[in-house]
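Chemist: I would like to see how this sequence folds:
(chains A and B)
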There are 2 protein chains.
Amino acid sequence: MNQDYIVPDVWSIIEEGFEPSRVKSSESLFSLGNGAMGQRANFEEAYSGPTFQGSYIGGVYYPDKTRVGWWKNGYPEYFAKVINAPSWIGIGVTVDGEALDLNRCTEIKGYRREFHMKEGWYRRSFQARLRNGARVAVEATRFLSMAHGELGAIKYSITLLEKGGTIALEPYLDSGITNEDSNWDDQFWQSTRVVSEGARACIEAHTLKTFFHTCTFMEAHLTLDGAEIGNEPEVREEPTYVGHRYTVEVPEGQTLTLYKYGGYTVDLNHPKEGLMQAAWKVLGTARKKGFDGLLEEQRQAWARIWEMSDITIEGDVKAQQGIRFNILQLNQTYTGRDSRLNIGPKGFTGEKYGGSTYWDTEAYCIPFYMATKDQFVARNLLKYRYNHLEKAIENAAKLGFSKGAALYPMVTMNGEECHNEWEITFEEIHRNSAIAYAIYNYYRYTGDYTYIPDMGLEVLIGIARFWYQRASFSEPKQQYVILGVTGPNEYENNVNNNWYTNYSARWCIRFCLEQLRKVKDGYQEDYRRIIGHTRLTEVETEKWKKVADQMYLPYSEEHKVYLQQDGFLDKELIPVSELDRTQRPLNQKWSWDRILRSPYIKQADTLQGFYFFEEHFTLEELERHFDFYEPFTVHESSLSPCVHSIQAARLNRMDQAYEFYLRTSRLDLDDYNKEVHEGLHITSMAGTWMSIVEGFGGLRVINDKLNFHPRIPKQWKSYSFKLNFRGRILKVTVTPGKASFHLDAEEEMSIRVNGNRVVLPPQETVHV
Amino acid sequence: MNQDYIVPDVWSIIEEGFEPSRVKSSESLFSLGNGAMGQRANFEEAYSGPTFQGSYIGGVYYPDKTRVGWWKNGYPEYFAKVINAPSWIGIGVTVDGEALDLNRCTEIKGYRREFHMKEGWYRRSFQARLRNGARVAVEATRFLSMAHGELGAIKYSITLLEKGGTIALEPYLDSGITNEDSNWDDQFWQSTRVVSEGARACIEAHTLKTFFHTCTFMEAHLTLDGAEIGNEPEVREEPTYVGHRYTVEVPEGQTLTLYKYGGYTVDLNHPKEGLMQAAWKVLGTARKKGFDGLLEEQRQAWARIWEMSDITIEGDVKAQQGIRFNILQLNQTYTGRDSRLNIGPKGFTGEKYGGSTYWDTEAYCIPFYMATKDQFVARNLLKYRYNHLEKAIENAAKLGFSKGAALYPMVTMNGEECHNEWEITFEEIHRNSAIAYAIYNYYRYTGDYTYIPDMGLEVLIGIARFWYQRASFSEPKQQYVILGVTGPNEYENNVNNNWYTNYSARWCIRFCLEQLRKVKDGYQEDYRRIIGHTRLTEVETEKWKKVADQMYLPYSEEHKVYLQQDGFLDKELIPVSELDRTQRPLNQKWSWDRILRSPYIKQADTLQGFYFFEEHFTLEELERHFDFYEPFTVHESSLSPCVHSIQAARLNRMDQAYEFYLRTSRLDLDDYNKEVHEGLHITSMAGTWMSIVEGFGGLRVINDKLNFHPRIPKQWKSYSFKLNFRGRILKVTVTPGKASFHLDAEEEMSIRVNGNRVVLPPQETVHV
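Modeler: Model prediction:
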């Protein structure tokens, strides 16, 4: 564990004491989001120390010109990147003419940050002595409204402790922002209008190239010891700045409070000529409800979220804090209301990994959203890929595929590829399988078949066509092979016959063929539309079938395991446990060639197949493969521990499962990878949820029924989680030796627990 | 063939007619060099059309900050790059106040460029009408002195054709230059002093970071119709510019001629505080000899070069022009006098491929220099790598190797790696073998064993240590394997057991062990020094031996061929001849993954091994491998056709050999790859020479004897070449059905022709 400054607490993330070297990490950890926008926990007042400024608007991106060392044919010329947006949180603070800047204060006491996860607000408080001797107490509370996606609110209070003086507060908007992740130091934003009207102001700005038009707005009012102050602000306007300066004489001990409302209106949701009007309307709502009213709404909104998605853990404060932090961040990142949005690996907490959507969404995030939200949320995530199908077909065509074969991008914002390392962009093609798998998984969990005839089948056809074309026939093997790929384990590049890729490709083709039959039988009209649109023929599907039936799967007779890829056994198979600890993490200590020729595995690869297709294999097979591959696995991807935790639990290795769980749940809080300052690992947080629900709880959906194999780590007294299963709410509580199920539904529901059928009557708790 | 504007001529490169779209290509094709410096054939007078300005000084480089898309551990932070240097060739020309600029002239007639290869000078002439109506005839002759490495000369004549007028000529120096190949638009040069003294001037400038101090200098004088003009120039000085303006009233029909001498003195060769004095001294020599005297020296110097290195071809003007162009450029690039220099793939003709030295030098260039120069030249090329041994050991250490293992960089200027694609930098490690092979080749050809105890053995030990450590033991194969490499065929990346790599690695170890024995026996003192220095033990060499003896070599029993790499036969083996022509060149038409999984070969890979180690294999084996691999070879590297030409000739397939020969010899003149505007392919030019000497002539050195198997393409009447073999000069002339040998030596020498011993008396011609 690399840091332990976050104070353990079951409902809050707390930092105590000011430490400049932690500012960037804390800016990530205390990040705020409401699905529509988000921001790093930058200070409201000026700060001249090291900081990473970040405000982000969902769906607003910039096509940054690609930067590579050596150009390869087929690389995208530009790629979409989540960008730093104009900021509305700033408040300039001066006391008797001296700016408040924690980097320049002579004394800081009682510095504390808290993110109150239960209620969804963030507060920072401290006492500081400025260079001019003034001593102040500050408390700043901030939240982004879950009820009003375009709105955030700040309550900024300052008290003069030793003597009265003149405080100037200048709430401002700033659109003169830069991006740390810019490839060529391009300017991403163009500001077009700065408006100031009474207490409110806005800046209209649009992104260059993509022309997303935005209006960043604010309104402020002040109180002194609770009494409203009617001051007119002094207005300062610049091309990318507007500030409203309020200067107030404040007696010692009295508290000056500034309430600031701010946010964005964007032409994704409004006509672009009406952005300012829309902004004024949002501010009108804010004024009417007031800070306390908005905060109360915020509490209620988060209460509803927690009601459904909370996981409780008794007997382990850090584990409790960890899982709630993960659930908080997932909900801050994606609410599922907008099918144009998706779940970026860093959410709204940083810039790294240009673009928003990875296969993480389908492989790791969908189960969480299916189980804790209404099913339209997961359906929106699937629809996102359906909307990008044409782009995926274009992407495949750029790589030489034809006739509607679809290759989804490795990273994308708008459906176009945003990655440019050949070993990933061109070769990590298993992402296609995860997208097909999510369609299967969605239907399995929700029972909503309509998505397949409506949209899913066309995606499946594009993917099956890709796999059919991508396989080639090997004369020596007399089977179809898939050459030159990168599997989920990115510590191998350009390998032949990655088992996971071949196996999942075969599954994709077969699953598509099965859905074709089902849609043909049950949804004739959709079938005709789809066949008309895709021009699919039986000749073609016969060819697919042949490739699937003759797909080569590398296997070792000696070890009785599927081989991660051709030639895996030629490596020096020294387990990770025998590696010198100083050599870890490998990706920081070893050159790339050494990693590649080593047997070390970054994240589940063959085992990812055993996770997705668990029912295809026996428990003994799982155990044999787990025992073969896990000892070579270094888990240097944030997505690695969760799959292994689930499998270790299934194998009844609870100590190991717990160890993996800890690694995933507090990855960012404890900064295992020493990179939290760059932002949080949002998508892996859904894996933490899976570790508990699918791992410890043993949840599986088999033949439309929930199955559980509840286990509990010996460190815990109990844990509980809830599931929304097809409109019925099931609460599962596990204590050592006992599992309780409470069904909130109209009718009884039968489940299986450790293989035995259990009937749950409505509104009753059943103990097993 | 993509262009055919170069007029066929046996001794000159000629362009006729002005075509702006050809300017950049011609700037490459007419490039000048004298081993110490070089320059693209940029115009002396202003030119506002598309041009690629380039002047280069041997050994002067800049460490440009690396640019990559995604950083990999072990990449160099900076890499050395040949950079554009201050220019001394410029002459501003105005006629009656209007600047002469071919891009703005209203009429251009009689435009002609000629590079007179025999005499080593370049001339451009034309008549043009300026916008103000003035009509001029211009003739500019330029050369870089082979006799004086720091000096070049220009004779620039201008005649007013229709009426007299005022001509202003402003010879100038310009150090405000930029690099097209800069990664981050850094400034590479800092100018520190501009000096003007009478007719001479200089600019002192140094490179940033590397601090190479240079003095760029010039001196000019004028004649009018041959009569010296005593004008004092008007001096124009700026921080990176100095110009001397001469304004002369010129009557119609009279010719104003400006003689300009210029060049560089560099602190590689002079104390840095004495650069200007050294420059004045060079100019003193120039003044004394005068333009005609220097030109006469130039003719003599080139006569000496051609005397030894010329290849004549009768009956095929284009082939004759092609081979002479290649020999010219090789001699312009590298003279062998300075062991700090090497042969850059673009020589002094462009910027692409940062850094100067590739394995091209050892694999393709050394035979040419051994046979056409004194043997110290090739020895200097070997010594270059000896001088970089410590850096090669550091380079290997960065990648995790230890105990003196050496990995030479893929690309280098100063011994440090200058490449940053992982598949090349970290994996194209066969370069090490070429460096060992060159040591063997040098000894085989020159008979000079002393290089090995002096320097070569330490290099061989570092390389053997590398191969020993880089191999690993495969349990299934019970042999040593080399995993994760890129072979000479860069259309495969990260493959296992590239046959060429494994085979040459084994050879390196064995060759090193053999030299250890020989040095131990014959050079005890050197042996003790080397063992003391390298701390080599018998335990270690025993381990090397075991790895060499148990090296795995992939082989197909079915095809009876060594396999390029593991899994090669799993590919779809469709020969190149069945590929759609519109898909070529693959590297411009296909995405990288498609190239990688295809069987297509960029340049000789397995066949490179058959070239280097020809005597290890039977003719039948060569034929079988040639027939297996060549049909999959796309020859998209400039280094590909020569090896195949040599092997086709050996297999008596003269039509094919000739076809390959044409591709290599006129690669740039005919711009096969549509990229000649970026510069010439210098190192492949040595391959052209090998195609004739080793291919058609069948030269081999076996047991200290020259062996020939002369053949002649049916398109030719005769060809001849000369060899310097251990101080004896042999001229070989081949006509259909006959080969003649003329020996210039003190004593007789026996050679083998078609396997039969032939004794050559001194100074006689023997016909076979």
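
Chemist: What segments of the stretch 351-500 of chain A are strands?
Modeler: Remark: strands assigned in the stretch 351-500 of chain A by DSSP state E, counting those that start in this stretch are A:472-474, A:479-481.

Chemist: Export the ones you listed to a markdown table and append columns for mean pLDDT, distance to residue A:255 and mean neighbour count.
Modeler: In short, each C-beta sits where N, CA and C put it, glycine included. Shown next, in a markdown table, are the strands of the stretch 351-500 of chain A (pLDDT from 0 to 100; distance: least, Cβ to Cβ, whole Å; neighbours: other Cβ atoms under 10 Å in any protein chain shown):
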| stretch | mean pLDDT | distance to residue A:255 | mean neighbour count |
| --- | --- | --- | --- |
| strand A:472-474 | 98 | 73 | 17 |
| strand A:479-481 | 98 | 72 | 22 |
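
Chemist: Out of those strands, which gets nearest to chain B?
Modeler: Closest of those to chain B is strand A:472-474, at 4.2 Å (criterion: Cβ to the nearest Cβ).

Chemist: Name every strand pairing with the closest one and say which way it goes.
Modeler: strand A:479-481 (antiparallel) (DSSP bridges).

Chemist: I would like the residues contacting the strand it pairs with, please.
Modeler: Residues from elsewhere that reach strand A:479-481 (Cβ atoms under 8 Å, 6 or more residues apart in numbering or on different chains): A:471-474, A:496-497, A:502, A:547, A:550-552, B:570.

Chemist: Among these, which are located in helices?
Modeler: A:502, A:547 (DSSP state H).

Chemist: Any quick ChimeraX command for the buried ones out of the contacts of strand A:479-481?
Modeler: Selecting only the buried entries of those in ChimeraX, with 16 or more other Cβ atoms under 10 Å in any protein chain shown as the criterion:
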select /A:471,474,496,497,502,547,550,551,552 /B:570
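
Chemist: Pretty sure residue A:591 sits against residue B:73.
Modeler: Yes: Residue A:591 lies in contact with residue B:73 (Cβ atoms under 8 Å); the separation is 5.4 Å.

Chemist: Can you pull out the low-pLDDT segments for the stretch 151-300 of chain A?
Modeler: A:181-185 (pLDDT under 70).

Chemist: Please repeat the previous calculation with a cut-off of 80.
Modeler: A:178-187, A:230-231 (pLDDT under 80).

Chemist: For chain B, what's its nearest residue on the stretch 301-450 of chain A.
Modeler: Counting by Cβ to the nearest Cβ, the stretch 301-450 of chain A gets nearest to chain B through residue A:426 (3.5 Å).

Chemist: Strands along the stretch 1-150 of chain A, start to end?
Modeler: Listed in chain order, the strands of the stretch 1-150 of chain A (DSSP E, counting those that start in this stretch) span A:6-7, A:12-16, A:32-33, A:37-39, A:55-57, A:61-65, A:78-82, A:91-95, A:98-99, A:107-116, A:121-129, A:135-144.

Chemist: If you count neighbours, what's buried in the last one?
Modeler: With burial defined by 16+ other Cβ under 10 Å, the residues of strand A:135-144 counted as buried are A:135-144.

Chemist: on that earlier part again, would you list the strands of the stretch 351-500 of chain A in CSV and tack on distance to residue B:735?
Modeler: Below are the strands of the stretch 351-500 of chain A laid out as CSV (distance: least, Cβ to Cβ, whole Å):
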stretch, distance to residue B:735
strand A:472-474, 50
strand A:479-481, 53
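
Chemist: so which of those gets nearest residue A:253?
Modeler: strand A:479-481 (78.6 Å; Cβ to Cβ).

Chemist: in the longest helix seen in chain A, what's buried?
Modeler: Ranked by residue count, the top helix of chain A under DSSP H comes out as helix A:275-309. Going by neighbour count (16+ other Cβ under 10 Å), the buried part of helix A:275-309 is A:275-276, A:278-280, A:282-283, A:285-287, A:289, A:291, A:294-295, A:297-299, A:301-302, A:305-306, A:308-309.

Chemist: Centre of the chain to that helix, how far?
Modeler: Relative to its parent chain, helix A:275-309 has a centroid offset of 23 Å by Cα atoms, centre = their mean, to the nearest Å.

Chemist: quick one: it to strand A:135-144, angle?
Modeler: 80 degrees (axes from the mean of the first three to the mean of the last three Cα atoms, to 10 degrees).

Chemist: quick one, the helix or strand residue A:221 falls within and strand A:91-95 angle?
Modeler: Per DSSP states H and E: residue A:221 is located in strand A:213-224. Counting by the same axes, to 10 degrees, strand A:213-224 lies at 30 degrees to strand A:91-95.

Chemist: Which strands border strand A:213-224, and is each parallel or antiparallel?
Modeler: Here, using DSSP bridges, strand A:213-224 pairs with strand A:200-207 (antiparallel), strand A:227-229 (antiparallel), strand A:255-266 (antiparallel).

Chemist: could these go into TSV alongside distance to residue A:418?
Modeler: Converted to TSV, those look like this (distance: least, Cβ to Cβ, whole Å):
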stretch	distance to residue A:418
strand A:200-207	15
strand A:227-229	48
strand A:255-266	21
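
Chemist: now those in CSV, with mean neighbour count?
Modeler: Conversion of the strands paired with strand A:213-224 to CSV gives the following (neighbours: other Cβ atoms under 10 Å in any protein chain shown):
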stretch, mean neighbour count
strand A:200-207, 24
strand A:227-229, 10
strand A:255-266, 25
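
Chemist: Any idea which of those strands gets closest to residue A:410?
Modeler: strand A:200-207 (23.0 Å).

Chemist: could you say what helices and strands the least confident helix or strand in chain A by mean pLDDT packs with?
Modeler: Each helix and strand of chain A was given a mean pLDDT (mean pLDDT, DSSP states H and E); the minimum falls on strand A:78-82 at a mean of 79. Applying 3 or more Cβ pairs under 8 Å, 6 or more residues apart in numbering or on different chains; DSSP states H and E, one finds that strand A:78-82 makes contact with strand A:61-65.

Chemist: The strand it packs on vs strand A:78-82, what angle?
Modeler: Using the same axes, to 10 degrees: strand A:61-65 against strand A:78-82 is 140 degrees.

Chemist: In its sheet, which strands sit next to strand A:61-65, and in what direction?
Modeler: Its sheet considered, strand A:61-65 pairs with strand A:78-82 (antiparallel) by DSSP bridges.

Chemist: who's in contact with the partner strand?
Modeler: Applying Cβ under 8 Å, 6+ apart, the external contacts of strand A:78-82 come out as A:56, A:60-66, A:179, A:181, A:209-210, A:344, A:346, A:351, A:354-356, A:411-414, A:416-420.

Chemist: in it, what counts as buried?
Modeler: Buried residues in strand A:78-82, counted by 16+ other Cβ under 10 Å: A:79-82.

Chemist: cool, and stretch A:647-660?
Modeler: A:647-650, A:653-654, A:656-658, A:660.

Chemist: for it, what is the average pLDDT?
Modeler: Here stretch A:647-660 scores 96 as its mean pLDDT.

Chemist: Show residues contacting it.
Modeler: Contacts of stretch A:647-660 (Cβ under 8 Å, 6+ apart): A:607, A:610-611, A:614, A:619, A:622-623, A:626, A:635, A:641-642, A:644-646, A:691, A:695-696, A:698, A:709, A:711-715.

Chemist: which of those residues count as buried?
Modeler: Neighbour-count burial (16+ other Cβ under 10 Å) is assigned, among these, to A:607, A:610-611, A:622-623, A:626, A:635, A:641-642, A:644-646, A:691, A:695-696, A:698, A:709, A:711-713.

Chemist: How much space separates residue A:208 from chain B?
Modeler: 20 Å (Cβ to the nearest Cβ, to the nearest Å).

Chemist: Check residue A:115 too.
Modeler: From residue A:115 over to chain B (counting by Cβ to the nearest Cβ), the distance is 32 Å.
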